[in-house]
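Trainee: any chance you could fold what I've pasted below:
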Amino acid sequence: MNILIVDDDPLICQSLRLLLSREPDMDVTATANDGAAAIQCCEEVLPDIVLMDIRMPGMDGIQAARQIKQKWPQVQIMMLTTFQDEHSIRLALLAGAEGYMLKSTQVSSMAQQLRALASGSSVVDANVLKTLMLPEKENRSDLTPRENDILELVALGCSNREIAEQLFISEGTVRNTLSIILDKLELRDRTQLAIYYWRQSL
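Mentor: Next up, the predicted model:
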């Protein structure tokens, strides 16, 4: 399988390239240091798997994953990170990533998980899965009561006009508040807002 490694730390890229290249069925065809470079690499040498850090300057792994999946849905994406917070995990999976593992993962286990991903399985590290199963509350608490009201009405399928009528505010205020909510939650559109809301309600 052909693998693209993406991390803003060149040493990590080099180390992973060296270690994974020892696997007989793995070929690291390229490395990149940010999300934009990862997309460019996909243009030039389409990999089977992108092994990508989630937190990078410029375009991060979540933004890059979203664009890669839109352009090349067949490419499998494994997010690799030291972060274990549920908000990042959920955003990565919403962006289309099929796997999520920690940088502390042993190389032998990492190779096994990449093989599982290549075979079509979704792969989430056991420790990450435990975090993912916890209810995500901290980020939603960053929203004001009005923002939470609008989020709930979006999840219920209300249009901007219907939200404005129910909350006795203008449609312009609804639009502006939606933009603020999307920025706070690092989401792209109303659909992702609805998915986010219902996942928090489980």
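Trainee: so how far is residue 149 from the residue of the chain positioned farthest from its centre?
Mentor: Distance to the chain centre peaks in the chain at residue 168, reaching 35.2 Å (criterion: Cα atoms, centre = their mean). Using Cβ to Cβ, to the nearest Å, residue 168 is found at 11 Å from residue 149. Every C-beta, even on glycine, is put in place using the N, C-alpha and C of the backbone.
Trainee: re the thing from before, so what's the residue farthest from the centre of the chain up against?
Mentor: For residue 168, no contacting residues are found, by Cβ atoms under 8 Å, 6 or more residues apart in numbering.
Trainee: any idea how far it lies from residue 144?
Mentor: When residue 168 is compared with residue 144 (using Cβ to Cβ), they lie 16 Å apart.
Trainee: out of everything not next to it in sequence, what's closest to the residue most central in space within the chain?
Mentor: Geometric centre of the chain, nearest residue: residue 92, 1.5 Å, by Cα atoms, centre = their mean. In space, and not counting its chain neighbours, residue 92 is closest to residue 79: 4.6 Å by Cβ to Cβ, 6 or more residues apart in numbering.
Trainee: helix or strand for that neighbour, which one?
Mentor: strand 76-81 (DSSP states H and E).
Trainee: just residue 57 next, same as before
Mentor: Per DSSP H and E, there is no helix or strand for residue 57.
Trainee: for stretch 40-57, which positions count as buried?
Mentor: For stretch 40-57, the neighbour count (16 or more other Cβ atoms under 10 Å) marks 41, 42, 47, 48, 49, 50, 51, 52, 53, 54, 56 as buried.
Trainee: any chance of those residues in JSON lines, plus distance to residue 21 and pLDDT?
Mentor: Converted to JSON lines, the buried residues of stretch 40-57 look like this (distance: Cβ to Cβ, whole Å; pLDDT from 0 to 100):
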{"residue": "41", "distance to residue 21": "16", "pLDDT": "96"}
{"residue": "42", "distance to residue 21": "19", "pLDDT": "96"}
{"residue": "47", "distance to residue 21": "14", "pLDDT": "96"}
{"residue": "48", "distance to residue 21": "15", "pLDDT": "96"}
{"residue": "49", "distance to residue 21": "14", "pLDDT": "96"}
{"residue": "50", "distance to residue 21": "16", "pLDDT": "97"}
{"residue": "51", "distance to residue 21": "12", "pLDDT": "96"}
{"residue": "52", "distance to residue 21": "17", "pLDDT": "95"}
{"residue": "53", "distance to residue 21": "19", "pLDDT": "93"}
{"residue": "54", "distance to residue 21": "23", "pLDDT": "90"}
{"residue": "56", "distance to residue 21": "22", "pLDDT": "89"}
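Trainee: now the two most distant members of the residues you listed.
Mentor: 48 and 56 (21.4 Å; Cβ to Cβ).
Trainee: look up phi and psi at residue 6.
Mentor: Dihedral pair for residue 6: phi -130, psi 120, per degrees, to the nearest 10.
Trainee: is it in a bridge, and if so with what?
Mentor: Applying DSSP bridges to residue 6 gives these bridge partners: residue 32, residue 52.
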